[in-house]
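Participant: Structure of the sequence below:
(2 chains)
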Amino acid sequence: AQSVAQPEDQVNVAEGNPLTVKCTYSVSGNPYLFWYVQYPNRGLQFLLKYITGDNLVKGSYGFEAEFNKSQTSFHLKKPSALVSDSALYFCAVRDYYGGATNKLIFGTGTLLAVQP
Amino acid sequence: NAGVTQTPKFQVLKTGQSMTLQCAQDMNHNSMYWYRQDPGMGLRLIYYSASEGTTDKGEVPNGYNVSRLNKREFSLRLESAAPSQTSVYFCASSEYGLSGANVLTFGAGSRLTVL
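Facilitator: Prediction:
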């Protein structure tokens, strides 16, 4: 079965420190991977995606993610955290059996809390 | 540019009542989706519509029906609401294509409570 796992319910980091939010995946074929962010009482917003090519993907708001095929991981990173980065982060993978649609399978989410 | 608009934003129902969640997008997207978000469960796909005139079940379709009214609108109906349907519901849309790389645009969500 296809799935993504986010092993941490919450990540705490001090402002200015680097942050990492972890994601591992299990899919058939080549993975199409995504990160979304959800601010309180808002819908999800796209951050970045990996389709093919360079393993380091850069996205919005200074975030980047590293694709590691051997470890089946796609961790989200940022060199210096901001208090405004505090939000719920979701990793997702395209449903390989979705045909030409873009159905996504989401992880359970990781709450990032950045302390001032 | 409104993107994806959902109504209502909040609703409280009694068990057994029915209601329809409305969703409209103005990006000329072909595909539309309904997800529900529950604590510890992430987002789960209820139904989707790959293109106008088609609808298909997702991971958790039981207790729901959908209608793709036209290219812009995709509604979700609860015929007989149950407490297990208390959740936050998100509508999303995307382009349709074999690249699989198209991004989903989400609405702000509809918070439903069933008593």
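Participant: Any stretches of the chain with poor pLDDT?
Facilitator: Since you didn't name a chain, this refers to chain A. A:98-101 (pLDDT under 70).
Participant: think we crossed wires, I meant chain B
Facilitator: Within chain B, the set of residues satisfying pLDDT under 70 comprises B:1, B:97-100.
Participant: ok, which residues in it are in contact with chain A?
Facilitator: For chain B, the contact set with chain A under Cβ under 8 Å from any Cβ of the partner chain comprises B:4, B:31, B:33, B:35, B:40-45, B:48, B:50, B:58, B:90, B:92, B:94-109. Quick note: C-beta positions are derived from backbone N, CA and C, even for glycine.
Participant: Any of those residues buried? List them.
Facilitator: For the residues of chain B next to chain A, a neighbour count by 16 or more other Cβ atoms under 10 Å in any protein chain shown gives the buried set as B:4, B:31, B:33, B:35, B:42-45, B:48, B:50, B:58, B:90, B:92, B:94-96, B:100-109.
Participant: so what's the closest residue to chain A within chain B up against?
Facilitator: Residue nearest to chain A within chain B (Cβ to the nearest Cβ): residue B:106, separated by 3.6 Å. Residues in contact with residue B:106 (Cβ atoms under 8 Å, 6 or more residues apart in numbering or on different chains) are A:36, A:43, A:44, A:45, B:4, B:90, B:91, B:92.
Participant: Mind putting these into CSV with distance to residue B:67?
Facilitator: Shown next, in CSV, are these (distance: Cβ to Cβ, whole Å):
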residue, distance to residue B:67
A:36, 26
A:43, 21
A:44, 23
A:45, 27
B:4, 17
B:90, 17
B:91, 13
B:92, 17
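Participant: residue in chain A nearest to chain B?
Facilitator: For chain A, Cβ to the nearest Cβ, closest residue to chain B: residue A:43, 3.6 Å.
Participant: so residue A:109 touches residue B:42, yeah?
Facilitator: Yes - using Cβ atoms under 8 Å as the test, residue A:109 is close enough to residue B:42 to be in contact (5.4 Å).
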